[in-house]
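In: predicted model and sequence below, questions to follow.
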There are 4 protein chains.
Amino acid sequence: MIRFECDYLEGAHPLIMRRLMETNLEQTPGYSTDEHCAHARRLIRAACNAPDADVHLLVGGTQTNAIVTASILRPYQGVLCAETGHINVHEAGAIEACGHKVLPLATTDGRLSAESIQAYYDRHFQDSDHEHIVQPAMVYISQPTENGTLYSKAELTAISTLCRRLGMPLYLDGARMGYGLASPKNDLTLSDIASLCDVFYIGGTKVGALFGEALVITNPALKKDFRYLIKQRGGLLAKGRLLGIQFETLFADDLYMMISRHAITLAMQIRKELLAKGIPLYYDSYTNQQFPILTKEQTAILKNDYTFNFWADLPDDRSVIRLCTSWATMPQHVAQLCETIRKKL
Amino acid sequence: MIRFECDYLEGAHPLIMRRLMETNLEQTPGYSTDEHCAHARRLIRAACNAPDADVHLLVGGTQTNAIVTASILRPYQGVLCAETGHINVHEAGAIEACGHKVLPLATTDGRLSAESIQAYYDRHFQDSDHEHIVQPAMVYISQPTENGTLYSKAELTAISTLCRRLGMPLYLDGARMGYGLASPKNDLTLSDIASLCDVFYIGGTKVGALFGEALVITNPALKKDFRYLIKQRGGLLAKGRLLGIQFETLFADDLYMMISRHAITLAMQIRKELLAKGIPLYYDSYTNQQFPILTKEQTAILKNDYTFNFWADLPDDRSVIRLCTSWATMPQHVAQLCETIRKKL
Amino acid sequence: MIRFECDYLEGAHPLIMRRLMETNLEQTPGYSTDEHCAHARRLIRAACNAPDADVHLLVGGTQTNAIVTASILRPYQGVLCAETGHINVHEAGAIEACGHKVLPLATTDGRLSAESIQAYYDRHFQDSDHEHIVQPAMVYISQPTENGTLYSKAELTAISTLCRRLGMPLYLDGARMGYGLASPKNDLTLSDIASLCDVFYIGGTKVGALFGEALVITNPALKKDFRYLIKQRGGLLAKGRLLGIQFETLFADDLYMMISRHAITLAMQIRKELLAKGIPLYYDSYTNQQFPILTKEQTAILKNDYTFNFWADLPDDRSVIRLCTSWATMPQHVAQLCETIRKKL
Amino acid sequence: MIRFECDYLEGAHPLIMRRLMETNLEQTPGYSTDEHCAHARRLIRAACNAPDADVHLLVGGTQTNAIVTASILRPYQGVLCAETGHINVHEAGAIEACGHKVLPLATTDGRLSAESIQAYYDRHFQDSDHEHIVQPAMVYISQPTENGTLYSKAELTAISTLCRRLGMPLYLDGARMGYGLASPKNDLTLSDIASLCDVFYIGGTKVGALFGEALVITNPALKKDFRYLIKQRGGLLAKGRLLGIQFETLFADDLYMMISRHAITLAMQIRKELLAKGIPLYYDSYTNQQFPILTKEQTAILKNDYTFNFWADLPDDRSVIRLCTSWATMPQHVAQLCETIRKKL
């Protein structure tokens, strides 16, 4: 069985494992106050061209999303996001557990637009009863989105400009950031993202690390007392150096981008093969997640040798499935999958 | 200016005011432990034919909804409701402030159906990732709904039967309960509601009282320690007797139903007049709220002499407005409104 | 049975009842946007000599305390208060339900000192692990305290000066404010309190109203969006005018102070009688609550004709009880109590 | 510089690192649904002699404490613990962020007694106003305590018996569990703990793992839906297998106890040396934390070559410090420390 169901099937990139071994018996102070973390923070600030940013190394994405949201919002405020946004549908109410409503906006492919944000904002404040309604006060987007789609530089700039005008911090969830940056359709750099967003995270869990997300806070107003919040939400890892070591490895020698490109190269092979076969794609993804629409027969054939995710059932009896590549995907596995697509579907 | 914008424009029914005056210098213990509250609870249990119910007298609806929800749900659970439900759109995130997600279901007229509840429930538990998703664990409905519509006995029975089968408590928000019971289309008694719901409240604020909602808990599993929750959420009125006196007055000599019928009689006059004039109704309401669809010109004419609520703008430039009657509405005011409709619109 | 157990035994001052009757059938918009509320706010601002203050009229004290705290604190911050403070011991965890820790400080008579606040603050920030500990970020005091004691102008000034230097808002719970202002030992005016505190409330429930607390926010930084918070916590009364009418009555013609003085005059009679009899007082209270220490025999005698609260059991088998007067206490009842003390204890 | 400041200075036991390397490129499903986690759960159940227990593998202690507490308590309930308990003083309000009050009990050495729990419980329910006060509803203890002290089997049995009689779940925080089990003064087995507690965790972070705590739920009433809570609080590690691999290594071939004994042997050497030198101990600890009371001069000497924690300043100008050993402490470092104590203090 070859697994394509998600992008966190394996451990970590071998270089990370080696560094964890080499440093294992070093003695360091706890809670990310060690030198590895300091080094990782410097590398990430440099990669983002954001010398004044605060960088916090956290364990996982749900935790990070909840902490950021709890940090920004006052109790009666909510967070705007795509109805498909991870915080709306796949975090078991982590945002609500912090007291905040998620305010979902309709979307066709996981992306918000500046227009839809503006419209929601206007509708809220023009309502004479707006004090009876949760106030929209920050915007959550993901890049790539949960659907594998990407914001262009123009789109992100429009959202950023609007958010700054309206005084709503813009937060970007980059759980799969590397797979966005490495996409052939991408025109955004980390530096662009750092300058357009108020806070964002660079995902490690799905891009080469055992675990870990690097949160970058560029808006000075959002920096204050952040470590209290991390601690309160159970996110302050005792042996914080584990995060430091992983991120200093990922951000040395371009490793993060190299392994991201690997995943994208393989995903594009699958994409090409699917399209060549005439299999439609549910979302037009140029990232590491591909969403082919398959008949029951095609699905059954694929299930013989591969694991993947069911995404949605269509009214016409076909299904959308999700195939993921990652830093760890083996080229021969993709070659085999392509052959299956070509010959058997 | 004659006001039809809502059903809480005046103080309280004169009989209530008289009783508050008469009892004003009585000395009673606090926090609803007095004899007036005990009497009110007895009367309400009798009216509901629910001798074992717990009855709590609370100040307002948002407070009541939040307390009930906080009482029932565990942290990762959410409450199903119509997308137009008051808890979803008009309580400034009171449910989320208790840590819970509101799970909105699509609806055309404010009502849920057993089918839509079942479908949501099935979709949740059939999802292999359901532990990542807020668990539906109670159902919130309102009677009448925010749109003036009513559940029939058959519909409420279907929902109740389903909820009991699925183990999800059914909570009915009766902010305008009297105006539902008094509707010519209603076939539900208080006794029916008590036997079909696990917990519900009988609204006083909009039906004759200065303020106050009588919460009735019929499901024994939901009774425990409820007063702690009321206190914690700031709902335990020091001079609880004020609630007791009001409800013992409303539930003596059929006053609650008498004043509710008054409002409905007047609302039906308005409804009839609108239909006679060929003015369409946005919702088919037989309760105290009427939702005519007016042209800009009609709206302008009405605004000269009356206040009302804007409900929605239609794509064809017409608007939906809301006209409310209440226990306090004066027949001559309705007569005048009807004449305006007849002669000027 | 004559009742002295608390200061919310009766309804409201007759002038309030009259005004509620007179205005009962007026039609007003809801949620404290009516003219009575506007008038009450003007009168309160004038009484506080705080023309720029925001005034919000709320139903009860626990609600008010929770809303203010939720409004001020970020999630990882806590509120300093006396260990006997109402929010610490008698609100069923209302502050914690908003996510915040109450940080109790030891006290002998219910009062905090600037020194104890400074010491806690220093200890916190000097701890190298302070990011692992709830951050002190506001101060809660009550005037009079739960023990009937009073802050002098010098003491409140010292606390205020410190709080401003440390950047911690100072909140004063004035549930019994009138009984403090009317005390023979008081040297603080409402104007002093308004200039020394960032936010405080003037209690109505215990001082002549059916219910109601007037919250005064003088610190501009704390005013923003406050009505959202009131709504979210279930504190936005539909018929807000009820609060407006009560407070415009209390703050016209010096009524609030007149009825407060009445309570204090009677409390001082009781105090004098107790001391004359050689009965020790547990707290040295010059306000409407008196805390005599009685033997079992004395307690038994008093229980024959009066109700009162048990406050504490002493190791030597004596008990502390609480006797309260209020705006409604009848002089002949106090005279009778004094005679009982004099002749029977 | 030799470090004794805490027990999480290094990475993980070499056997764990080896297993992480060996398994690194295995493909496994996420979120602890893999076979390593299943194996670890079986081993832990066996070690606890609790075949029906639910075992969840979590990342850190603060997270675990918050999740357990949120799972057990209803909103108005609080958790009893020693005033020195980790949840009360060192988790930045994680429990309060879940809406619950921590109810601290006085203690001399970090341990609760059945008597103090019973007394608090009685005082609460005998208070006529108990519905205004947070209800005690679970008990948190730690073994060893934060002060290095231990509950005896008799003491834990007394607490357990009481908790079961009162219907309050007993939760034991075993962050340093191994160092308790390996103590010469310990008379409790894992099996005893499993049978006496309703839920407890076996700490990995401080006892050989990179990170990880194994939560064991023996009370069937507390098992339901637990994974939802883990997810909601950000504790569901994507690559859960990392936890599984670590715990299956720790619980194979007695590794957990072997490395714990190592730490205790070294701690007892330090303890003996301190006592031989006449240096008093602040707590009578037979576990891996030692709390000598040192003069300023002694502290200064020690600081030249060793790191340690300042614990408390005594009124007589002496200080309490904390010295920790762990699974990773090198015998030659302890030998050197002992020589320093012997010759230089």
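Out: Happy to help now that I have it. Because the structure is predicted, anything quoted here is derived from the model rather than measured.
In: next one: the strand ranked longest in chain A to chain centre, how far?
Out: With secondary structure taken from DSSP state E, chain A has its longest strand at strand A:135-142. Its chain's C-alpha centre and that of strand A:135-142 lie 15 Å apart, by C-alpha atoms, centre = their mean, to the nearest Å.
In: buried ones in the helix or strand following it?
Out: Next in sequence after strand A:135-142, counting helices and strands by DSSP states H and E, comes helix A:153-166. Within helix A:153-166, the residues scored as buried using 16 or more other C-beta atoms under 10 Å in any protein chain shown are A:Glu155, A:Leu156, A:Thr157, A:Ala158, A:Ile159, A:Ser160, A:Leu162, A:Cys163. C-beta here means a position set from N, CA and C on the backbone, and glycine is covered the same way.
In: same check, this time on stretch A:249-256
Out: By 16+ other C-beta under 10 Å, the buried positions in stretch A:249-256 come out as A:Thr249, A:Leu250, A:Phe251, A:Leu255, A:Tyr256.
In: for it, measure first residue to last.
Out: The straight-line separation of the ends of stretch A:249-256 (C-alpha to C-alpha, to the nearest Å) is 8 Å.
In: CA atoms only: put the longest strand of chain A into PDB for me.
Out: Only the C-alpha atoms of strand A:135-142 are listed here, as PDB (Å, rounded to 0.1, in the frame of the first residue of the first chain):
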ATOM      1  CA  GLN A 135     -18.100  42.200  15.500                       C
ATOM      2  CA  PRO A 136     -15.700  41.200  12.700                       C
ATOM      3  CA  ALA A 137     -12.300  42.100  13.900                       C
ATOM      4  CA  MET A 138      -9.600  40.000  12.300                       C
ATOM      5  CA  VAL A 139      -9.200  38.000   9.000                       C
ATOM      6  CA  TYR A 140      -7.900  34.500   8.800                       C
ATOM      7  CA  ILE A 141      -6.700  33.100   5.500                       C
ATOM      8  CA  SER A 142      -4.500  30.200   4.600                       C
END
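In: please enumerate the helices of the stretch 101-250 of chain A.
Out: A:114-126, A:153-166, A:177-181, A:190-196, A:226-232, A:241-250 (DSSP state H, counting those that start in this stretch).
In: nearest to D:Cys48, of those?
Out: Taking C-beta to C-beta, helix A:241-250 is the member of these nearest to D:Cys48, at 27.5 Å.
In: can you list the residues of the stretch 201-345 of chain A near chain C?
Out: Contact residues, the stretch 201-345 of chain A versus chain C (C-beta under 8 Å from any C-beta of the partner chain): A:Asp225, A:Arg227, A:Tyr228, A:Leu229, A:Lys231, A:Gln232, A:Leu236.
In: and which of these is nearest to chain B?
Out: A:Gln232 (14.9 Å; C-beta to the nearest C-beta).
In: hmm, that closest one is touching D:Ala97, no?
Out: Yes: the pair A:Gln232 and D:Ala97 passes the contact test of C-beta atoms under 8 Å, sitting 5.3 Å apart.
In: joint contacts of those two?
Out: C:Pro75, C:Tyr76 (C-beta atoms under 8 Å, 6 or more residues apart in numbering or on different chains).
In: enumerate the residues of the stretch 101-250 of chain A near chain B.
Out: When proximity is defined as C-beta under 8 Å from any C-beta, the stretch 101-250 of chain A approaches chain B at A:Lys101, A:Val102, A:Asp129, A:Glu131, A:His132, A:Ile133, A:Val134.
In: put the buried members of these into a ChimeraX selection.
Out: Per 16+ other C-beta under 10 Å, the buried members of those correspond to this ChimeraX selection:
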select /A:101,102,131,132,133,134
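In: want to throw the residues of the stretch 101-250 of chain A next to chain B into CSV with distance to D:Asp317?
Out: Converted to CSV, those look like this (distance: C-beta to C-beta, whole Å):
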residue, distance to D:Asp317
A:Lys101, 54
A:Val102, 55
A:Asp129, 64
A:Glu131, 57
A:His132, 60
A:Ile133, 60
A:Val134, 56
